[in-house]
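**Student:** Need coordinates for the following:
(2 chains)
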Amino acid sequence: MEMFDQKKPVLTVSQLTSMVKGVLEENFALVWVEGEVSNLRTPSSGHIYFTLKDENSQIKVVMFRGRGSFLKFRLEDGLHIILRGNITVYETRGEYQILADYVEPIGAGALQLAFEQMKERLAKEGLFDKARKRPIPSVPKKVGIITSPTGAAIRDMLHIMDRRFANLHIMIYPVRVQGAEAPPEIIQAIRDMNTIEDLDVIIAGRGGGSMEDLWAFNDEGVARAIYNSRVPVISAVGHETDFTIADFVADLRAPTPSAAAELVVQNKADIEERLKTLYKRLCHISKGRLTLLNSHLKNIEGRLRSPIDRVRQFAQRLDDMTIRLNLSIRQKLEFSKKKLDRDMSLLNSLSPLAILQRGYSITTILSTGAVVNEIAEVKVGDRVGVRVTDGEMECRVEKSSMINM
Amino acid sequence: MAEKFEDAMKKLESIVERMEKGDMSLNESLKMFEEGVKLTRFCSQELHKAEKRVELLSRDAEGKLVAVPFEEEEDE
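**Tutor:** Just a heads-up that it's a prediction; the model follows:
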């Protein structure tokens, strides 16, 4: 019964706890511990509480506000981390815990694994199929942007769009782009923007950050919202080397938010340039054609004058020929006249009347009028007419005799 | 609207190409030119029709989506 030595002091709970506290806190003033986060609690006080565990043991961890806000990533249950801190004893409950002042994920391996797993699953489901990606309209008029309204991303995008093509209607849907609230806000934004009837394209994104920062864009719900969006979606998350699930499911992946803005307005600028060139070509051809036709017309006009020349030539030839014809006719007439004169004088010389002038006469038998050529044609007593050059006489044959010549 | 624009661009392109071949009558090419000018005007109007507007979407008291002009903080 009397198990305890009267000489040994009996400690109160507080005394013992205090002693344990002293030993622990002295010997574990700085420890590095590796384990998996579980039972994470982030009350409104801003302090962070979780349990770090491995296969066999677990230990409570607390990060007071101020330290916690320096975290470069978001703590989540299941995350494999390494932390630095010191052991403290929470005397009220007799518990010891690690007061952490630095936490880092182990190689981001857990996130990477989760990412790869989700990527594979959604790919199998067909969310990334190229065939279902819709074309981005070449001349968007109304562009929706889902991003943080205060980040560098929105400023860069607006700057580029304004500089390259000022006449866009841009609608910004402000959302948180990191943290647990980000995915539901982004999902809601995509749904809401799909109710805007004439919205041509949605850009969803944020500027660069760690893999944890970009994690909202690896959210399955966000991926499905993009998949179900009626309006084509351009993803624009982080830097060129960052790939998120949103990038795979989006209709087009822009390497950065600035690039997304460039894509949207570049198209428009290119098209404007193309239109200008086409118009120039159109005018050039038409002008060329008209010039050609004009010179053709002038050529034809020039050739049209030649018939007139030819008519004139004909006229001249006609004149020429008329003159020559006149001349030849006159010559011919002259010739004929001369010949006529000659013939007439010849005829004259042959006329019996001319012979009569030379003293000859013509005797005719009065009863018949026949010319007497031989003496035998008359007999004594016949009445004959004798014709001399300027008269006639009636005679009676008194005697006739033949003359021998 | 975008489709109409694309169609117009395509039509304009084919007109220019046909005219460049130059195997059409004067009357035809004048008609083509006229059509081309019309298409150019249409496309240009489409390109420049929209006005610059930057709006911020938010929800009003009834939860309805409303757009208000977005003011960029001028920090540069």
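
**Student:** C-alpha only now, for contacts and for neighbours.
**Tutor:** Fine.

**Student:** mind checking the SS state of residue A:240?
**Tutor:** coil (DSSP: H, G, I helix; E, B strand; the rest coil).

**Student:** Now it: closest residue in space that isn't a chain neighbour?
**Tutor:** Spatially, and ignoring its direct neighbours in sequence, residue A:240 is nearest to residue A:255 (4.4 Å; CA to CA, 6 or more residues apart in numbering or on different chains).

**Student:** Let's see the pLDDT reported for that neighbour.
**Tutor:** At residue A:255, the pLDDT value in this model is 92.

**Student:** Spatially central residue in chain B, please.
**Tutor:** The centre of chain B sits closest to residue B:46, judged by CA atoms, centre = their mean, with a distance of 2.4 Å.

**Student:** Test for you: state the pLDDT assigned to that residue.
**Tutor:** 80.

**Student:** quick one: it is in a helix?
**Tutor:** Yes: when three-state DSSP is applied, residue B:46 is found to be in a helix.

**Student:** tell me which element the nearest residue to it once chain neighbours are set aside is part of?
**Tutor:** Excluding its sequence neighbours, the residue lying closest to residue B:46 (CA to CA, 6+ apart) is residue B:5, at 7.1 Å. Element membership of residue B:5 [criterion: DSSP states H and E] is helix B:2-21.

**Student:** Determine the set of other helices and strands touching that helix.
**Tutor:** helix A:257-350, helix B:26-49 (3 or more CA pairs under 8 Å, 6 or more residues apart in numbering or on different chains; DSSP states H and E).

**Student:** Show me what the longest one is packed against.
**Tutor:** To tie it back to what came earlier, the one meant is helix A:257-350. Short answer (3+ CA pairs under 8 Å, 6+ apart): helix A:257-350 packs on helix A:152-164, strand A:201-206, strand A:233-237, strand A:252-254, helix B:2-21, helix B:26-49.

**Student:** if you compare these, which one is most tucked away?
**Tutor:** Most buried of the helices and strands packed on helix A:257-350, by mean neighbour count (mean count of other CA atoms under 10 Å in any protein chain shown): strand A:233-237, with a mean of 30.

**Student:** partners of it, with directions?
**Tutor:** strand A:201-206 (parallel), strand A:252-254 (parallel) (DSSP bridges).

**Student:** ok and it relative to helix A:257-350, angle-wise?
**Tutor:** Relative orientation of strand A:233-237 with respect to helix A:257-350: 130 degrees, computed using axes from the mean of the first three to the mean of the last three CA atoms, to 10 degrees.

**Student:** helices or strands up against the next helix or strand after strand A:233-237?
**Tutor:** Heading C-terminal from strand A:233-237, the first helix or strand you meet, by DSSP H and E, is helix A:245-249. Helices and strands touching helix A:245-249, by 3+ CA pairs under 8 Å, 6+ apart, are helix A:220-228, strand A:233-237.

**Student:** Quick check: mean pLDDT of the first one?
**Tutor:** Yep, that's helix A:220-228 we're talking about. 94.

**Student:** Any chance you could list what contacts it?
**Tutor:** Residues from elsewhere that reach helix A:220-228 (CA atoms under 8 Å, 6 or more residues apart in numbering or on different chains): A:118, A:127, A:183-184, A:186-187, A:190-191, A:216-217, A:233, A:245-246, A:249-250.
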